[in-house]
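> With the sequence up front, the predicted model follows.
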Amino acid sequence: MSVDADLLLDWFAETARDLPWRRPETTAWGVLVSEIMLQQTPVARVEPVWLAWLQRWPRPSAMAAASQGEVLRAWGKLGYPRRALRLHEAAKAIADEHGDVVPSDVDTLLALPGIGAYTARAVAAFAYGRRCPVVDTNVRRVVARAVHGAGDAGPPSTTRDLADVAALLPDDEATAARYSAALMELGALVCTARTPRCVDCPIIDGCAWQRAGRPAYAGPAKPVQKFAGTDRQVRGLLLDVLRGTAEPVAKARLDVVWADAGQRDRCLHSLLVDGLVEQIEDGRFALPGEH
DNA sequence: AAAACGTGGTC
DNA sequence: TGACCAAGTTT
């Protein structure tokens, strides 16, 4: 009741962004690639990479045939490059075991690398029109406010979050899928984390948070991720050297990116373990699968 | 269940 | 300036 489907869907119909992966001609593969790229990564940074990616690798089997290094280069600076490796593995599995067709079943999708509770349902809903709850950070925030009257979502609980949204979903399959997209869009454009634009909200009249006088978030403090000085930063610097060169590089070329030798070597080692970097016979380093 | 995992824009 | 934030998944 607090999230009126008609109001939300009408708002979505006239306000939704024209994102390339939402166009009718987009394949399920295109939807899957977009969902992986969008994990923890803003739309604006994903868009150009997604367009190039789909042009180069229009089907899972096409990407499966590329090397890991090519995939990592195409991934560019989207961040969390292990996503690219997992997408590569998923593409191979789809090509080899699913006839080059992205699965439409949530459990089958969940079995693929890099696909978790959110992405599996997003693909089922947005690529195949299935009626299943799609819960990302936007949806969690909208539900926390509109339904529960809280300032923000508390710690995630997949079971509870899915049940919350399942209870809101319209009965009709195709409508349910659009409803999920609309919920996400509302969280992204109006019901934002920082300064929600409640004056533009289509469901303000049913919003429990509004009714309660917009109380501040009262849950446990959210841990803030540090970046400067962490292994994540150092790994990123190391990988950036390799991305920028066609030829393998000597270790000295990697040593210059970070002063602390202990941390540097630990990070290089972890990149090797993760399969993001490869050491060739002569001792030099390169992106995997290219030499 | 908490922590690791990239990168860059914004207020 | 620096903390917060961005369509999460894995271990």
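Alright, I've got the coordinates.
> Can you tell me the SS state at the closest residue to DNA strand B within chain A?
Nearest residue of chain A to DNA strand B, counting by Cβ to the nearest atom of the strand: residue A:236, 1.5 Å away. For glycine as for every other residue, the C-beta is placed from the backbone atoms N, C-alpha and C. Secondary structure assignment for residue A:236 (DSSP: H, G, I helix; E, B strand; the rest coil): helix.
> What is the burial count for it?
Look at residue A:236: counted by other Cβ atoms under 10 Å, it has 17 neighbours.
> any idea how far residue A:72 is from it?
Distance from residue A:236 to residue A:72, counting by Cβ to Cβ, to the nearest Å: 12 Å.
> same check, this time on residue A:115
Applying Cβ to Cβ to residue A:115 and residue A:72 gives a distance of 19 Å.
> now swap in residue A:107 and tell me
Taken as Cβ to Cβ, the span from residue A:107 to residue A:72 is 29 Å.
> Look at these two and report which has more neighbours.
A direct count of neighbours by other Cβ under 10 Å for residue A:107 and residue A:72 places residue A:72 higher, at 24 against 9.
> Is the more buried one within a helix or a strand, and which one?
helix A:68-75 (DSSP states H and E).
> ok, residue A:242 - contacts?
Counting by Cβ atoms under 8 Å, 6 or more residues apart in numbering, residue A:242 makes contact with A:249, A:277, A:285, A:286, A:287.
> sorry, that was for residue A:276
A:72, A:81, A:82, A:85, A:235, A:239, A:287, A:288.
> What parts of chain A come near DNA strand C?
A:19, A:21-22, A:34-35, A:38-43, A:80, A:86, A:113-120, A:122, A:136-138, A:141, A:184-185, A:187-188, A:192-194, A:222, A:224-225, A:227 (Cβ under 7 Å from any atom of the strand).
> So which of these are in helices?
Those of the residues of chain A next to DNA strand C mapping onto helices are A:34-35, A:43, A:86, A:117-120, A:122, A:137-138, A:141, A:184-185, A:187-188, per DSSP state H.
> ok, the residue nearest to the spatial centre of chain A - contacts?
The centre of chain A sits closest to residue A:39, judged by Cα atoms, centre = their mean, with a distance of 1.6 Å. Residues in contact with residue A:39, defined by Cβ under 8 Å, 6+ apart, are A:80, A:83, A:118, A:119.
> Turn those residues into JSON lines, including neighbour count and pLDDT.
Formatted as JSON lines, those follow (neighbours: other Cβ atoms under 10 Å; pLDDT from 0 to 100):
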{"residue": "A:80", "neighbour count": "16", "pLDDT": "98"}
{"residue": "A:83", "neighbour count": "18", "pLDDT": "98"}
{"residue": "A:118", "neighbour count": "20", "pLDDT": "98"}
{"residue": "A:119", "neighbour count": "22", "pLDDT": "98"}
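> what's around the one residue in the stretch 151-291 of chain A that gets nearest to DNA strand C, how many residues?
Per Cβ to the nearest atom of the strand, residue A:224 is where the stretch 151-291 of chain A lies closest to DNA strand C, at 2.9 Å. Residue A:224: 6 surrounding residues under other Cβ under 10 Å.
> What backbone torsions are found at residue A:278?
Backbone torsions of residue A:278, given as degrees, to the nearest 10, read phi -130, psi 140.
> That one contacts residue A:268, doesn't it?
No. Using Cβ atoms under 8 Å, residue A:278 is not in contact with residue A:268; the gap is 11.4 Å.
> got the contact list for residue A:80?
With Cβ under 8 Å, 6+ apart, residue A:80 has these contacts: A:39, A:40, A:41.
> out of the contacts of residue A:39, what pair is the most spread apart?
A:80 and A:118 (14.5 Å; Cβ to Cβ).
> Tell me, how many residues neighbour residue A:136?
Around residue A:136 there are 21 residues (other Cβ under 10 Å).
> and it, what does it touch?
A:118, A:122, A:184, A:187 are the contacts of residue A:136 under Cβ under 8 Å, 6+ apart.
> any idea how far it is from residue A:186?
On the measure of Cβ to Cβ, residue A:136 and residue A:186 end up 12 Å apart.
> And residue A:16, by the same measure?
Taken as Cβ to Cβ, the span from residue A:16 to residue A:186 is 10 Å.
> which of those two has more neighbours?
A count of neighbours by other Cβ under 10 Å puts residue A:186 above the other of residue A:16 and residue A:186, at 27 against 17.
> Please verify my assumption that the more buried one contacts residue A:11.
Yes. Between residue A:186 and residue A:11 there is a contact under Cβ under 8 Å: 7.3 Å.
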